[in-house]
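**Student:** Prediction below, plus the sequence it came from.
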Amino acid sequence: MENSPLTIREAFMSKTPVIASDIGGLSEMVQDGETGLLFKAGDSRDLFKKIRYFIDNPIEIERMSKKIKKVKTIEENAKEMEAIYRELILKNSSK
């Protein structure tokens, strides 16, 4: 169970909606019906329905693609996290 799956980040970087299960970080990253589709984990019939939906409604892929926001690169994310940690260290060292 990943909390920030790289595959979804990479798909979103290329403006590609995804189909993901409704568990863990997957369901937090994918907004059902907005940036992709979520299926019930372990339910192959539900997964089939989601795949079929994209096949039958290709315009939805284009619509969802437009709703995907810019994704930070790993480097951008790392720099942001480093800045947060530095700020916390400075706050704690002044106490």
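**Tutor:** Yep, it's here.
**Student:** For the residue positioned nearest the centre of the chain, give me phi and psi.
**Tutor:** The chain has residue 29 as the residue nearest its centroid, 3.1 Å off, counting by Cα atoms, centre = their mean. Here is the backbone geometry of residue 29 (degrees, to the nearest 10): phi -90, psi -40.
**Student:** Check residue 21 too.
**Tutor:** The phi/psi pair for residue 21 (degrees, to the nearest 10) is phi -80, psi 160.
**Student:** so residue 20 sits in a strand?
**Tutor:** Yes: Residue 20: assigned to a strand according to DSSP: H, G, I helix; E, B strand; the rest coil.
**Student:** Once you drop chain neighbours, what's closest to the residue nearest to the centre of the chain?
**Tutor:** Nearest non-adjacent residue to residue 29, counting by Cβ to Cβ, 6 or more residues apart in numbering: residue 8, 5.0 Å away. Using the backbone N, CA and C atoms, a C-beta is placed for each residue, glycine as well.
**Student:** Surely the one you found is within a helix?
**Tutor:** Yes: according to three-state DSSP, residue 8 belongs to a helix.
**Student:** pull the longest helix from this protein.
**Tutor:** Longest helix in the chain by number of residues (criterion: DSSP state H): helix 74-93.
**Student:** helices and strands around it, which ones?
**Tutor:** On a contact count with 3 or more Cβ pairs under 8 Å, 6 or more residues apart in numbering; DSSP states H and E, helix 74-93 meets no helix or strand.
**Student:** quick one: least confident helix or strand in the chain?
**Tutor:** helix 24-29 (a mean of 89; mean pLDDT, DSSP states H and E).
**Student:** Okay, buried residues for it please.
**Tutor:** 26, 29 (16 or more other Cβ atoms under 10 Å).
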